[in-house]
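Trainee: structure of the sequence below:
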Amino acid sequence: MIDPPSPTDVQSEPLSLEELRAACDSPLQYIAILHRYLDEGLTGLPVSAQRVFLQLVREALARGRDRVRITIRTLTEKTGLSKETVSHALRQLSSPSVDLVNVVDAGGAHTPGQYQVRWYTYQKRMFGKRPQRSRMKVRSLIDNSIENRLLSLSVDDRALLEQAYLALQPNERGDVEDTVTANLRTLGMVVTKDAFHQYVLYETMRRTMYHHIRRHYPNMFSFDPVSKS
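Mentor: Numbering: from 1, shown residues only. Reported below is the predicted structural model:
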């Protein structure tokens, strides 16, 4: 069953850059963002659109980015909604009147689409306020995920990182993996083995090559999921 159209009598407010940047480093701040959306922050949307948007927020913010690569099929599995309902929700979220998602690439039948989260609330209007939302153009951003950051390493630095990982003592490697696992559990994320290995390499790099990497890749350890446009 398709939800009715979104209400037009709404107000929308941006989340602050400080809140979003803090959420990339602090699980508590990340949870605070989710609570803001859950506590009446999306009441102007039908339930299905809320569910899809919250899933995109989780996929984006937990990885420190505002762009998500995901298939419709994966969204249906994660949300429990039908393919038609997910597609309808995405159309609502990306419509000019709502503008909470920028469709960078719609993808195909088996190709992930790319969706850029717009960090705003979308609430039913209260206390006689006039609707405050207007359509904004969003500049495409480079994907700053950990996977892509590791891909930015030179061949030599990637080899050094692999050597640093292999040189870890069993207790050191266990500590790195436990740290990554604890962070993923705190954020409620389930990842593939390949993604887990990427996160372990990134944590190894942070611990063993920090000053070298900062000197040659100044932005490697800086995360900002918010578009400046």
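
Trainee: for the lengthiest helix in the chain, buried residues please.
Mentor: Using DSSP state H, we find that the single longest helix of the chain is helix 170-187. Neighbour counts over helix 170-187 (16 or more other C-beta atoms under 10 Å) mark V176, E177, V180, L184 as buried. From N, CA and C alone the C-beta is placed, and that goes for glycine too.

Trainee: tell me the contacts of the third one?
Mentor: Applying C-beta atoms under 8 Å, 6 or more residues apart in numbering, one finds that V180 lies in contact with F196, Y199, V200, E203.

Trainee: excluding its backbone neighbours, what's nearest it?
Mentor: Y199 (4.7 Å; C-beta to C-beta, 6 or more residues apart in numbering).

Trainee: could you give the mean pLDDT of stretch 195-203?
Mentor: Regarding stretch 195-203, the rounded mean pLDDT is 90.

Trainee: swap in stretch 55-65?
Mentor: The average pLDDT for stretch 55-65 rounds to 84.

Trainee: can you map out the helices along this structure?
Mentor: Using DSSP H, the helices found in the chain span residues 17-25, 27-36, 47-61, 72-79, 83-94, 146-151, 155-166, 170-187, 193-208, 210-216.

Trainee: distance from the third one to the middle of the chain?
Mentor: If I follow you right, that is helix 47-61. A distance of 10 Å separates the centroid of the chain from that of helix 47-61, by C-alpha atoms, centre = their mean, to the nearest Å.

Trainee: packing partners of that helix?
Mentor: Applying 3 or more C-beta pairs under 8 Å, 6 or more residues apart in numbering; DSSP states H and E, we find helix 47-61 packed against helix 17-25, helix 27-36, strand 67-70, helix 72-79, helix 83-94, strand 113-117.

Trainee: switch the cut-off to 6 Å
Mentor: Other elements packing on helix 47-61 under the criterion 3 or more C-beta pairs under 6 Å, 6 or more residues apart in numbering; DSSP states H and E are strand 67-70, helix 72-79, helix 83-94, strand 113-117.

Trainee: buried set for that helix?
Mentor: For helix 47-61, burial by neighbour count (16+ other C-beta under 10 Å) applies to 48-61.

Trainee: max pairwise distance over the buried residues of helix 170-187: which two?
Mentor: Within the buried residues of helix 170-187, two members stand farthest from each other by C-beta to C-beta: V176 and L184, at 12.9 Å.

Trainee: nearest residue to the middle of this structure?
Mentor: Closest residue to the average C-alpha location of the chain: A60 at 0.5 Å, with C-alpha atoms, centre = their mean.

Trainee: touching, it and V117? I think so.
Mentor: Yes. Using C-beta atoms under 6 Å, A60 is in contact with V117, at 4.8 Å.

Trainee: what residues are shared contacts of those two?
Mentor: Residues touching both A60 and V117 (C-beta atoms under 6 Å, 6 or more residues apart in numbering): D66.

Trainee: out of the helices of the chain, which is closest to P112?
Mentor: helix 72-79 (7.7 Å).

Trainee: the closest one packs against which elements?
Mentor: Where contact means 3+ C-beta pairs under 6 Å, 6+ apart, helix 72-79 is packed against helix 47-61, helix 83-94.
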